[in-house]
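Participant: only the shape, not the letters, is given here:
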């Protein structure tokens, strides 16, 4: 790491979970189904153990002294913690956090695990950054200190290095009726008492839930949502009445034939809640559809920035695979092939450029955190989603038969067949067996059900492409009142009517107020002594 990012302070104590502790915690009686199979212990069952071991490895990596500079930090109390919990208050610190994420992505299954603990817990940042609105806007909590709940749970999760798996998506309802969502089986509060809230219903989809300590519950607002369906908080995965129903596993058995797909399946799931009691200490907000319509969109900003970082890493891998395959096939010096390789490399460069731009043009949150520019990292995601399928097809086409027609390990080891396969896979660069290794990775990533699930995840993760595009024109700066249109009017010599001019002034004042708020956030963080902004 850069010298400025090294944490040279000695640690008075360590709050780093071990992989052994994590695996032991999974045997807690949680009810998990994977396809048609009831899993007795997530840590040991063949359908779940590989991914559980990957997560255990995640925790163990943080204990390695040679990786402390990248994977851990020492907080103001002298405690060494996982960078998962690092709160960045300057652009340099945001970059440090991003490099941590990149390390985790590249270490774990070639950035093919979108829900490692570092990103699962990133989603909690919005609450603890600005907890008061969640309490003030609540309906039905009767002054039970929800902001305090947020702070205390975040501290509890950080002290114990827990994993909180988000479940925000509600069941699909009849989109032709605005009343359908209100009558759907979506999770809702059916009773409250001195102990907590009683909830009943379904959260339709989440990822990695079977491997989490807590389920993180929230809502993506839909028209027609009722107040009793607005629930934000956490629930232990082993709570009585909770059933985690995972899709059929796509994990592969053979680590030689399937070097990536055999490392585990993080499993997408539906969670059923059968009159589950959630203690008040785990409740962050209830009851207010208007709050759910606006403020909670910020919750997923952090994971969407993380998604773009992951997509940049995936684009880097795709470019590297394309380069190596063409070198091994002897096509890398053909002009037409070089043009196609340049297209793939340009794709990677453009995705990563959005990462850098979003960091460079970031702003300060109410709590003094430095946050990447939302519009820029979302546009980076748009670009990735629009181009990724075409780039995969370019790679597959550049491979020719090599992506599909290659021997199994047993065929390669057969004394009679091996000489033929060596001649078939010989190229100007590398060994014949290298081409087979490349082909196995390409097949796992892009030509298997395991890779297909990952492709679908990228397309629907958090905010699908069409939603990202439609949200753009809901931003004031991209309407007729915004600066783009103002510039065009000036060039065209178009005069503005008085009522329009008033509206344009309002938008300009709003933009200035946003800039002032960002500067105020920086100043406030410096006054508190917690800001180290550039």
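Facilitator: Alright, I've got the coordinates. None of these values were measured; they are calculated from a predicted model.
Participant: give me the below-cutoff pLDDT ranges for the chain.
Facilitator: Screening the chain residue by residue with the criterion pLDDT under 70, one finds the ranges 1-8, 462, 473-474, 476, 498-534.
Participant: the same query, at a cut-off of 50, please.
Facilitator: Where the chain drops to pLDDT under 50, the residues are 1, 3-4, 517-518, 521-534.
Participant: tell me, how many residues neighbour residue 229?
Facilitator: Residue crowding around residue 229 was assessed by other Cβ atoms under 10 Å; the count is 24. For every residue, glycine as well, the C-beta is placed using N, CA and C.
Participant: who does the nearest residue to it once chain neighbours are set aside bridge with?
Facilitator: With Cβ to Cβ, 6 or more residues apart in numbering as the measure, residue 188 is the residue that lies nearest to residue 229, at 4.8 Å, once sequence neighbours are left out. Assessed by DSSP bridges, residue 188 has beta-bridge partners residue 200.
Participant: residue 217 now?
Facilitator: Residue 217 has the following beta-bridge partners by DSSP bridges: residue 167, residue 233.
Participant: start the count at 870, not 1, going forward
Facilitator: Sure thing, new numbering starts at 870, so read that last one as residue 1086.
Participant: residues contacting the closest residue to residue 1236 other than its chain neighbours?
Facilitator: In this structure, residue 1236 finds its nearest non-sequential neighbour in residue 998, 3.7 Å apart by Cβ to Cβ, 6+ apart. Each residue near residue 998 by Cβ atoms under 8 Å, 6 or more residues apart in numbering is listed here: 956, 1234-1236, 1238.
Participant: switch to 10 Å and redo it
Facilitator: Each residue near residue 998 by Cβ atoms under 10 Å, 6 or more residues apart in numbering is listed here: 956, 1019, 1023, 1167, 1171, 1234-1238, 1240.
Participant: mind checking which of these are in helices?
Facilitator: Using DSSP state H, the subset of these located in helices is 1019, 1023, 1171.
Participant: the nearest residue to the last one once chain neighbours are set aside: neighbouring residues, count only.
Facilitator: In space, and not counting its chain neighbours, residue 1171 is closest to residue 991: 4.5 Å by Cβ to Cβ, 6+ apart. By other Cβ under 10 Å, the residues close to residue 991 number 22.
Participant: and for residue 930?
Facilitator: A count of neighbours around residue 930, defined by other Cβ under 10 Å, yields 19.
Participant: most surrounded residue in the ones in helices among the contacts of residue 998?
Facilitator: Counting neighbours by other Cβ under 10 Å, residue 1019 leads the ones in helices among the contacts of residue 998 with 26 neighbours.
Participant: state the distance from that one to residue 1237.
Facilitator: Here the criterion is Cβ to Cβ, to the nearest Å. By it, residue 1019 lies 16 Å from residue 1237.
Participant: then residue 938?
Facilitator: According to Cβ to Cβ, residue 938 stands 24 Å off from residue 1237.
Participant: more neighbours: which of the two?
Facilitator: residue 1237 (20 against 17).
Participant: the more buried one touches residue 962, doesn't it?
Facilitator: No. Under the contact definition of Cβ atoms under 10 Å, residue 1237 does not touch residue 962, with a separation of 11.4 Å.
Participant: you'd agree the residue nearest to residue 1098 is up against residue 1144?
Facilitator: No. Under the criterion of Cβ under 10 Å, residue 1057 makes no contact with residue 1144, lying 11.2 Å away.
Participant: find residues that contact each of these two.
Facilitator: Residues within reach of residue 1057 and of residue 1144 at once, by Cβ under 10 Å, 6+ apart, are 1067-1070.
Participant: top of those by neighbour count?
Facilitator: Ranked by neighbour count under the definition other Cβ under 10 Å, the shared contacts of residue 1057 and residue 1144 are headed by residue 1068 with 26 neighbours.
Participant: contacts only, for that one.
Facilitator: Applying Cβ under 10 Å, 6+ apart, the residues contacting residue 1068 are 1056-1060, 1086, 1097-1098, 1100, 1102, 1104, 1110-1111, 1142-1147, 1155.
Participant: and the gap between the residue nearest to residue 1098 and residue 1110?
Facilitator: When distance is defined by Cβ to Cβ, residue 1057 is 14 Å away from residue 1110.
Participant: repeat that for residue 1201.
Facilitator: When distance is defined by Cβ to Cβ, residue 1201 is 59 Å away from residue 1110.
Participant: which one of the two is surrounded by more residues?
Facilitator: Between residue 1201 and residue 1110, counted using other Cβ under 10 Å, residue 1201 has the larger neighbour count: 18 against 15.
Participant: need the contact list for that one.
Facilitator: When contacts are counted by Cβ under 10 Å, 6+ apart, residue 1201 is found next to 1191-1195, 1207, 1210, 1267, 1297-1298.
Participant: okay, strands next: where are they in the stretch 1070-1219 of the chain?
Facilitator: Chain-ordered strands for the stretch 1070-1219 of the chain, with DSSP state E, counting those that start in this stretch as the definition, fall at 1083-1086, 1100-1105, 1111-1115, 1137-1148, 1152-1155.
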